[in-house]
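> got a predicted model here, sequence first, then my questions.
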Amino acid sequence: MYLGIEIGGTKLQLGVGDGVRPQFEALERLSIEPARGAEGILEQIRSAGAELVRRFDIERVGFGFGGPVDGAAGRVITSHQIDGWTGFELVDWVQESLGRPAVLGNDCDCAALAEARYGAGQGERTVFYVTVGTGVGGGLVIDGHVHGADRPAAAEIGHLRPGLFADDPHSTVESLVSGWGIAATARVCLLNEPQRPLDRLLPEGRPALSESDADDLRKRCGGNVESLTTLMIGEAAAAGNHGAREILRTAAHTLGWAVAQVTSILAPNVVIIGGGVSLVGEELFLNPVREAVARYAFPPLKDSVRLTSPKLGEEVVVHGAIALGSHGR
């Protein structure tokens, strides 16, 4: 048996499985206390992990970490949410604390591995996974193995620069497509601010809002435009707010441009798009992404890739961590 552990910014999940099937022999979800930093999370892993190791005779531990890692060295590079992780030798710590060997991967890479082996990419040779939430991450799996585990970063679709004018490191796909990026676009539209430098990177420019659509969005955030969220925008779009639909469509087309670049270079069999933003649904998000891929991809490839949603739900990273542990890398 193998122990898979997901370390995020708000949750910690530990699951036990055989690495062959997407089934858990045990699964524990624990809340993270950010104020306690990395040490608080390590205490939780030490306590819950030791019990699982004892109960199931764990052979190896796999980690899916929410941030950049050096998998080959078994070291966390940093966390953007929790203090205390920078440069932490996590694999060595597990060996000392739980008495088991371990392997370390990025959470998006683990999600990609799980979906490739057990989920929406099962049976496909080349699988590209995209998560769209607080950030935009990617993972590439070829022949059942994560690509780029020995590199500082790989498959970072969210950090593509959309166009030749995107010469600032913050002018990224993520800055326009992530949850906070979509909300920022909506705020600019509502406040009628001068166009952001980022807006010139959007495929159709900044969306226009009618007064009625703008009033609807203001009501949803209680008049405090700074508190407007992508969830509110999605709910407005589902209720028929045309302006909210255009805001989502603009983000989806930006992501579709990025997926088209990946498609033109890698020719993946399937691209899986998950994460909180994707939950607004096929009509409002996934179908516009498909339209943009068809528009921007190299024509011989535009119909060769299947674009779909993930299948493994909120435990996807744990499944991937178990799969990582079961194969040693």
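In hand now; what should we look at? Residues are numbered from 1 along each chain as shown.

> was I right about residue 48 contacting residue 30?
Yes. Counting by CB atoms under 8 Å, residue 48 does reach residue 30; the two are 6.6 Å apart. To be clear about C-beta, it is placed using only N, CA and C from the backbone, and glycine gets the same treatment.

> for residue 97, give me the backbone phi and psi.
Backbone torsions of residue 97, given as degrees, to the nearest 10, read phi -90, psi -40.

> please apply the same query to residue 104.
phi -130, psi 130.

> also residue 2?
Here the main-chain torsion angles of residue 2 (degrees, to the nearest 10) amount to phi -130, psi 150.

> how about it, nearest residue that isn't a chain neighbour?
residue 325 (4.1 Å; CB to CB, 6 or more residues apart in numbering).

> so that neighbour versus residue 81, what's the distance?
Distance, residue 325 to residue 81, by CB to CB, to the nearest Å: 23 Å.

> between the two, which has more neighbouring residues?
Each of residue 325 and residue 81 has its neighbours counted (other CB atoms under 10 Å); residue 325 has more, 29 against 14.

> hmm, residue 19 and that one touching each other?
Yes. Between residue 325 and residue 19 there is a contact under CB under 8 Å: 6.9 Å.

> quick check: neighbours shared by these two?
Common neighbours of residue 325 and residue 19 (criterion: CB atoms under 8 Å, 6 or more residues apart in numbering): residue 2.

> could you report the neighbour count for residue 298?
As a burial measure, residue 298 scores 13 neighbours (other CB under 10 Å).

> what does the one 4 residues further on give?
By the criterion of other CB under 10 Å, residue 302 has 16 neighbours.

> run through the protein and note the low-pLDDT ranges.
Residue ranges of the chain with pLDDT under 70: 328-329.

> all strands of it, in order?
2-7, 11-17, 26-31, 60-65, 69-70, 75-76, 102-106, 126-132, 136-142, 145-146, 270-274, 306-308 (DSSP state E).

> returning to that earlier point: tell me the contacts of the residue nearest to residue 2?
2, 3, 4, 19, 59, 60, 61, 62, 102, 103.

> make a ChimeraX selection of the buried ones in those residues.
Selecting only the buried entries of the contacts of residue 325 in ChimeraX, with 16 or more other CB atoms under 10 Å as the criterion:
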select :2,3,4,19,59,60,61,62,102,103
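
> report the two of the contacts of residue 325 separated the most.
19 and 102 (14.0 Å; CB to CB).

> what about the longest helix in the protein?
helix 242-266 (DSSP state H).

> in that helix, which residues are buried?
242-264, 266.

> roughly how far does residue 43 sit from residue 50?
The gap separating residue 43 from residue 50 is 11 Å, by CB to CB.

> overlap in contacts, residue 48 and residue 30.
In contact with both residue 48 and residue 30: residue 14, using CB under 8 Å, 6+ apart.

> sorry, back to before: tell me the one of the contacts of residue 325 nearest residue 207?
Nearest member of the contacts of residue 325 to residue 207, counting by CB to CB, is residue 4, at 40.7 Å.

> what's the burial count for residue 312?
When counting by other CB under 10 Å, one arrives at 20 neighbours for residue 312.

> my guess is it meets residue 116, correct?
No. Using CB under 8 Å, residue 312 makes no contact with residue 116, being 10.7 Å away.

> which residues does residue 146 bridge with?
residue 141 (DSSP bridges).

> wait, doesn't residue 2 sit right on residue 63?
No. The pair residue 2 / residue 63 is not scored as a contact, 11.4 Å apart, by CB under 8 Å.

> contacting residues for the residue most central in space within the chain?
Centroid-nearest residue in the chain: residue 131, 2.8 Å away (criterion: CA atoms, centre = their mean). Neighbour list for residue 131: 108, 111, 137, 138, 273, 274, 275 [criterion: CB under 8 Å, 6+ apart].

> now tabulate those in CSV and tack on distance to residue 212 and neighbour count.
Output for the contacts of residue 131, formatted as CSV (distance: CB to CB, whole Å; neighbours: other CB atoms under 10 Å):
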residue, distance to residue 212, neighbour count
108, 39, 30
111, 39, 33
137, 36, 26
138, 38, 26
273, 31, 24
274, 33, 27
275, 30, 21
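
> which residues does stretch 34-48 contact?
Counting by CB under 8 Å, 6+ apart, 5, 7, 9-10, 12, 14, 28, 30, 32-33, 79, 81-85, 88, 93, 97-98 sit against stretch 34-48.

> filter those residues to the buried ones?
Neighbour counting by 16+ other CB under 10 Å classes 5, 7, 12, 14, 28, 32, 79, 82, 85, 88, 93, 98 among the contacts of stretch 34-48 as buried.

> max pairwise distance over the residues you listed: which two?
28 and 88 (21.7 Å).

> burial count for residue 239?
Taking other CB under 10 Å as the criterion, the count of residues near residue 239 is 10.
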